[in-house]
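J.: heads up, no residue letters with this:
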DNA sequence: CTGAAATGTATGATATATTTAACATTGAGT
DNA sequence: ACTCAATGTTAAATATATCATACATTTCAG
């Protein structure tokens, strides 16, 4: 069948390098709840484009340094 | 108040340069309905990150060439 | 070790994206 | 002008993201 992809992110790493920002702090800055950050970090579901952009903005990093769409099979 | 942003995209232009691909063709390749492409092109709502990635993939363009998060006020 | 803070997990409610279907409008070709 | 394909619009139903709350587990400073 056609190639399979998954969305990955580097949020946990970025939090660590951002002075060990907590999930709660990130959630507050982004304007969502801690559970939303949790779910995204864990890959439970893919965020809305809006939330994804806001997360990249909070870390001040280019979008593709935070989120990627990676091929997992062919 | 805090800065306002809006999500913009270049889908219509990219369709034009992709041999004038129709909304229906794009929708089929992405795996959504034509109305979804319509709504996204028109900015009626912001797509899921998954659909956004798929659209960029169909056009074979870097993500940030398709979608942008632009400041509209300060 | 103990306790508080951070992270993880689960569930039901709400908001939003997407589908489905139907119809209206536009635009280009004949 | 006619016609057909493409685009645009609307409304109701469904799927998924997000919220709100509650509780369990990990982690680490004291």
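T.: Right, received. Where do you want to start? Remember, predicted model here, so these are calculated numbers, not experimental data.
J.: now the lengthiest helix in chain A against helix B:49-59, angle please.
T.: Longest helix in chain A by number of residues, with DSSP state H as the criterion: helix A:49-59. Interaxial angle, helix A:49-59 versus helix B:49-59 (axes from the mean of the first three to the mean of the last three C-alpha atoms, to 10 degrees): 90 degrees.
J.: Mean confidence (pLDDT) on helix A:49-59, please.
T.: On average, the pLDDT along helix A:49-59 is 98.
J.: same question, stretch A:36-45
T.: Taken as a whole, stretch A:36-45 has an average pLDDT of 95.
J.: Wondering if that stretch reaches DNA strand C at all.
T.: Yes - with C-beta under 7 Å from any atom of the strand as the criterion, DNA strand C is reached by stretch A:36-45 at A:38, A:41, A:42. Quick note: C-beta positions are derived from backbone N, CA and C, even for glycine.
J.: which stretches of chain A form helices?
T.: Secondary structure of chain A (DSSP H): helices located at A:11-17, A:23-30, A:34-41, A:49-59, A:63-66.
J.: Would you format the ones you listed as CSV with mean neighbour count and distance to residue B:58 included?
T.: Converted to CSV, the helices of chain A look like this (neighbours: other C-beta atoms under 10 Å in any protein chain shown; distance: least, C-beta to C-beta, whole Å):
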stretch, mean neighbour count, distance to residue B:58
helix A:11-17, 15, 26
helix A:23-30, 17, 28
helix A:34-41, 17, 24
helix A:49-59, 21, 16
helix A:63-66, 16, 17
